[in-house]
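> From the sequence below, what's the structure:
(4 chains)
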2 protein chains.
Amino acid sequence: MPRAATDSDAFNAVAEPRRRDILHYLANQERAVGEIVANLGMEQPSVSKHLKVLRQVGLVRVRRHGRHMFYRTNAEAIRPMHDWTKFFERYWQRQLISVKERAEAKMDVWGRVQKPE
Amino acid sequence: MPRAATDSDAFNAVAEPRRRDILHYLANQERAVGEIVANLGMEQPSVSKHLKVLRQVGLVRVRRHGRHMFYRTNAEAIRPMHDWTKFFERYWQRQLISVKERAEAKMDVWGRVQKPE
DNA sequence: TTGACATATTCCTATATAGGAATATATTGA
DNA sequence: TCAATATATTCCTATATAGGAATATGTCAA
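Just a heads-up that it's a prediction; the model follows:
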């Protein structure tokens, strides 16, 4: 079984660094495809294909104006990722637990208080 | 060119939903592989392979104790993802800009204040 | 209507999967 | 030393890429 498709969800879509660049670039203002090409230094077909993936997972919104297609980041779609990462916020400041601290807490060698196995 | 490898960075590693499940499960306490297998209902080789990817990008730490390998989430490695998503925090509460508001702000039809093209 | 411009799509290929099955490695206890 | 236990690795395969090149589609301006 291969990986889940890039357009299956936001997590898969933003795994590609160029797509993260695009989302960052489109956060403030909507931009035409040509602007993305010029400013991020990617090939035009490449940009179109990345935008298609981002659109399919709702990470960008698009609006046509004449020959131009104006894309803009839909920040709402990033929120689930933010929430997922936020869950770990309380852990990344935690100290390592020393042997001494384990002893004082009456924890076993596995660092557990109850249900050793 | 295929996608970047799953073990190239945290973004690619967590694109796989089962790996997110594992990281969530290992956030509080370190756990033996067998516990992950039992509690998350995955095949043992599958768990070992996912753990390998997570270990290669620093998302989990491992400690051997006898026959057991105790894995634990390294929340620090999730932080870069949190920071990236956090950048968009100020955008996802933004209101849509109506025609009226655009007119008052002297924006053009593209919603831009300066540099129309 | 036609040419120029902007964007999207198609075709191509090497490559890295995820999971299943089978097997290998490592450690313990007797 | 040997069996049991815990975990890791290997082999297999269908599949979805990302990027390059070429081309198609859509829209305007004259």
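> got the contact list for residue A:10?
By Cβ atoms under 8 Å, 6 or more residues apart in numbering or on different chains, the contact list for residue A:10 reads A:57-59, A:77-78, A:80-81. C-beta: built from backbone N, CA, C; applies to glycine.
> now with 6 Å?
A:57, A:77, A:81 (Cβ atoms under 6 Å, 6 or more residues apart in numbering or on different chains).
> Of those, which belong to strands?
Assigned to strands by DSSP state E, none of the contacts of residue A:10 qualify.
> and chain B, which of those residues reach it?
With Cβ under 6 Å from any Cβ of the partner chain as the criterion, the contacts of residue A:10 include residue A:81 near chain B.
> Same list, the contacts of residue A:10, but as TSV with pLDDT and distance to DNA strand C please.
Listed next are the contacts of residue A:10 as TSV, based on pLDDT from 0 to 100; distance: Cβ to the nearest atom of the strand, whole Å:
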residue	pLDDT	distance to DNA strand C
A:57	97	15
A:77	96	18
A:81	96	17
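> how about the strands in chain A?
So, for chain A - with DSSP E - the strands run A:31-32, A:60-65, A:68-73.
> does any part of the first one sit near DNA strand C?
Yes - legend: contact between strand A:31-32 and DNA strand C by Cβ under 7 Å from any atom of the strand is shown at residue A:32.
> in its sheet, what does that strand sit against?
strand A:68-73 (antiparallel) (DSSP bridges).
> go on, the second one?
Pairing partners of strand A:60-65, with direction, according to DSSP bridges: strand A:68-73 (antiparallel).
> As a markdown table, the strands of chain A with mean neighbour count, mean pLDDT and distance to DNA strand D would be great.
As requested, these are exported to a markdown table (neighbours: other Cβ atoms under 10 Å in any protein chain shown; pLDDT from 0 to 100; distance: least, Cβ to the nearest atom of the strand, whole Å):
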| stretch | mean neighbour count | mean pLDDT | distance to DNA strand D |
| --- | --- | --- | --- |
| strand A:31-32 | 20 | 97 | 12 |
| strand A:60-65 | 14 | 96 | 6 |
| strand A:68-73 | 20 | 97 | 9 |
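> As JSON lines, those with distance to residue B:20 would be great.
What follows is these, written out as JSON lines (distance: least, Cβ to Cβ, whole Å):
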{"stretch": "strand A:31-32", "distance to residue B:20": "31"}
{"stretch": "strand A:60-65", "distance to residue B:20": "23"}
{"stretch": "strand A:68-73", "distance to residue B:20": "23"}
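> Distance from the chain centre to stretch A:69-89, please.
When C-alpha coordinates are averaged (Cα atoms, centre = their mean, to the nearest Å), stretch A:69-89 and its chain have centres 7 Å apart.
> Show me which positions of that stretch end up buried.
By 16 or more other Cβ atoms under 10 Å in any protein chain shown, the buried positions in stretch A:69-89 come out as A:69-75, A:77-79, A:81-82, A:84-85, A:88.
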